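[1] Show me how the following folds:
(one chain, ligands or ions: 1)
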Amino acid sequence: MSAVSRFAGLIEKFEDGPIWTIGYLVYDPEWRECVVIDVPLWSSDKIYKRVKELNLKMRYIIATHGHWDHIGEMRKLKSLTEARVCAHSADDWMMCDPKGTVIKPPVPVEPVSIDIPLEEGTTLQIGDITFKVIHTPGHSAGSVCLYEEREGVLFTGDTLFAGSIGRTDLPSGSYDEISKSISTKILALPENVKIFPGHGPESTLKKEKSDNPFVQMMFAER
Ligand SMILES: [Fe+2]
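    Alright, predicted model coming up:
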């Protein structure tokens, strides 16, 4: 676990599991409410311990998409906190049967059901923090990004990474879709938006526009 800059103290990062997936704890210290975005394998006890230390009520557990490394311990965290699980219904089948995807998890992953289906434009609020859902299919049909406009932060899951993009060769993946999602939705946001991906370091949209070869190729193709 480590705190990250800007929004400092409001976002904590839990990088865990066999392929180093990142779960984010985001909280409002005044309202004492929090949300968790993705729950990697082996992370739920650490997240829960931190939530207890901070005396927070967990309102939502959000899946950026249904791949097993992002929902690895979602069911366990839900049972500990009674928070509601939110995800796009297009990835429901992966969450109900985590071993049914092409790349099987190396250890058993408990299925988890969606309590609140997310769609383009859905908003989720904790205290003074509001997340707007941006539906960004391509890595999977149900991939979403979470945008906090006032703070200028975007949680991108496996859609956009620092210097790369999510793979599109898995079930329901599509290069055309991810290209459209990134070029028409993500890159339409202000350049100073900071991105928090599901793997690897943070970045900004400005940096990705100038340095990310996949993003540049998508622009060239349009
Ligand atoms: Fe993924």
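
[2] Distance from the chain centre to stretch 78-85, please.
    Stretch 78-85 sits 17 Å away from the centroid of its parent chain (CA atoms, centre = their mean, to the nearest Å).

[3] how long is that stretch end to end?
    Its first and final residues considered, stretch 78-85 spans 7 Å by CA to CA, to the nearest Å.

[4] got a list of contacts for it?
    When contacts are defined by CB atoms under 8 Å, 6 or more residues apart in numbering, stretch 78-85 is touched by residues 35-36, 44, 48, 51, 58-63, 74, 77, 112-116. C-beta coordinates here come from the backbone N, C-alpha and C atoms, glycine included.

[5] In PyMOL, how would I select the buried members of these?
    Burial among those is assessed by 16 or more other CB atoms under 10 Å; the matching PyMOL selection reads:
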select buried, resi 35+36+44+48+51+58+59+60+61+62+63+74+77+112+114
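
[6] If we check the ion, which of the contacts of stretch 78-85 are in contact?
    Among the contacts of stretch 78-85, no residue is within reach of the ion (CB under 5 Å from the ion).

[7] Just the contacts of stretch 78-85: which are in helices?
    If you go by DSSP state H, the contacts of stretch 78-85 have Ser44, Tyr48, Val51, Met74, Leu77 in helices.

[8] Please convert the residues you listed to TSV, extending it with pLDDT.
    Formatted as TSV, those follow (pLDDT from 0 to 100):
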residue	pLDDT
Ser44	98
Tyr48	98
Val51	98
Met74	98
Leu77	98
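
[9] Which of those sits closest to Glu208?
    Met74 (27.8 Å; CB to CB).

[10] mind listing what the closest one touches?
    Val39, Ile61, Ala63, Val85, Met95, Glu110, Val112.

[11] what do you get for Lys180?
    So, once contact is read as CB under 8 Å, 6+ apart, Lys180 ends up touching Gly138.

[12] Confirm it sits in a helix?
    Yes. Counting by DSSP: H, G, I helix; E, B strand; the rest coil, Lys180 is located in a helix.
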